[in-house]
Every structure is written in C-alpha cells, then in structure tokens.
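J.: this one's sequence-less:
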Ligand code: OMP
C-alpha cells in the first residue's frame, strides 16, 4: 500500500467519513457502508485530503489540462487538490467547477473558474454505478472539451449495467482511465485487522455477492 492510501484510510476513520450501518445509495442499492466526503470538515483534514488526491494523480501519470470538480462535493476536493499539486508537486494547473443551477446575472453560466478547454480531469468522491460521472462527462462534452480521466477517493468495486464493473464500463465507453485512491478491498483489509469487525465484514461480503465484481 502507498503512503497516500494509508493516509487516506487514517483520515477517513479520523473524520468518520466512513460510516457503517444501512444506507440507500443513489443507485437504489442498500449498502452496509457509506463514504461521506462531506465529513472532512476542517482545514487540516482538507489539506491532507488534497495531498492524497494529488499524490494519486501524480502516481497515475494521467495527462490533463484542467482539473474539474463537479458540484457539490467535487468542488472542495478539486480546490484542495489543485492547491496540493502546486504546493507539493510544483504542478500549477487550471481549476474549474460547475453550478447546479445556471446564473442569469453577473458573469452568468454554470462553469466557474478556468475555461473547460482541452483534456479535463474529473475529480470526485465515489463511483458506485457510474451515473454521476457520466453526467459530468456530458457537461464536459457540451462545453467542447474532452474528458482525460477521473480521479476518485473510493472505488466501491461495484457492477455497472452489465458484467463489468461500473468503473470498467466508464473506462471502456469513454477510453479514459479512472484512478482511485483506495478500493473497497482496502477498507475490508482495514476492518479485518480489528477482531470486533468480523460481523461487519460479513455484511460487506454479502453486499459484494449482490453488487460486487
Ligand atoms: P453513482 O452515480 O451510482 O456512481 O454514485 C456515485 C455518487 O453517489 C457519489 O458521487 C456520491 O454522491 C454518492 N455516494 C457517496 O457519496 N458515497 C457512497 O459510499 C456511495 C454513494 C452512492 O450513492 O452510491
């Protein structure tokens, strides 16, 4: 495991960004765990989060011109990651995000920040069934730019529409890489290191039987 992966898990635990229980997902699937990026709610946590994403991007070698954080949770992720890329990797890239509702006054429009031009790297929290990321790729195409890849915090390793994982389908359909800081397996490994978590691992295994790859 890379340092940034261990840091990300430690951070998620520290900020309770990983919740266990029963959660209905955007896809309608009912999951025994949930990753909530909104829990990284202090300066130190966000700074570390940005470093983890920046390290994952650099390690992946994905080439891009603009970092795009879709509303809402992608916005702070993109901002802290763009700052970390500049501070720790000497990579100063343009950053943009979108509004969910178009503004009809002032500068107007839905895209804020850098112009969506060239190869766009999407930054987001999680991919489950792949619906959210496909909507973002549509926004990028509508702006006349091209998606260069996607970077997410957690790969839930779930099925898409067919036999492939949702992430493999996105990679195949758009010919782009999806980079994740950690996968569900990292979470399971973490839980397995604590004896009292065996029941929880059992519930995650049952969920994986239904929706996993
Ligand atoms: P899909 O559109 O099914 O890929 O779901 C991805 C979106 O679901 C993410 O952008 C989140 O808004 C949300 N989500 C989480 O934030 N954390 C999770 O652990 C699971 C989901 C989810 O609803 O699947």
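T.: Nice, I can see it. Being a predicted model, the structure only gives us computed values, none of them experimental.
J.: ok, now how distant is the spatially most central residue of the chain from residue 90?
T.: With distances taken as CA atoms, centre = their mean, the residue of the chain nearest its centroid is residue 152 (2.3 Å). As defined by CB to CB, to the nearest Å, residue 152 lies at a distance of 24 Å from residue 90. The C-beta positions use only the backbone N, C-alpha and C, and glycine is treated the same way.
J.: before we move on, what about residue 29?
T.: 41 Å.
J.: what about the longest helix in this structure?
T.: The residue-count maximum for a helix in the chain (DSSP state H) belongs to helix 43-60.
J.: and the next helix or strand past that helix?
T.: strand 66-69 (DSSP states H and E).
J.: which residues touch the next helix or strand after that next one?
T.: Sequence order places helix 74-89 as the next helix or strand after strand 66-69, per DSSP H and E. Helix 74-89 is contacted by residues 37, 40, 46-47, 49-51, 53-55, 57-58, 67-69, 91-93, 95-97, 122-125, 136, 151, 153 when judged by CB atoms under 8 Å, 6 or more residues apart in numbering.
J.: for this protein, which segments count as strands?
T.: Assigned by DSSP state E, the strands in the chain fall at 18-24, 30-35, 66-69, 95-103, 109-113, 119-127, 146-155, 178-183.
J.: out of the ones you listed, deepest packed?
T.: Most buried of those by mean neighbour count (mean count of other CB atoms under 10 Å) is strand 66-69; its value is a mean of 27.
J.: near the ligand, which residues of this protein are found?
T.: Proximity of the chain to the ligand, by CB under 6 Å from any ligand atom, involves residues 25-27, 34-35, 124-132.
J.: contacting residues around residue 184?
T.: For residue 184, the contact set (CB under 8 Å, 6+ apart) comprises 154, 155, 156, 157, 204, 208, 212.
J.: show the low-confidence segments of this protein, by residue range.
T.: 103, 107-108, 196 (pLDDT under 70).
J.: ok so, going back, most neighbours of all the contacts of residue 184, which one?
T.: When neighbours are counted by other CB atoms under 10 Å, residue 156 leads these with 28 neighbours.
J.: would you list the phi and psi of that one?
T.: phi -80, psi 0 (degrees, to the nearest 10).
J.: now the closest residue to residue 121 other than its chain neighbours: how far from the ligand?
T.: Excluding the flanking residues, the one nearest residue 121 by CB to CB, 6 or more residues apart in numbering is residue 64, at 3.8 Å. Per CB to the nearest ligand atom, to the nearest Å, residue 64 is found 20 Å from the ligand.
J.: cool, thanks, signing off.
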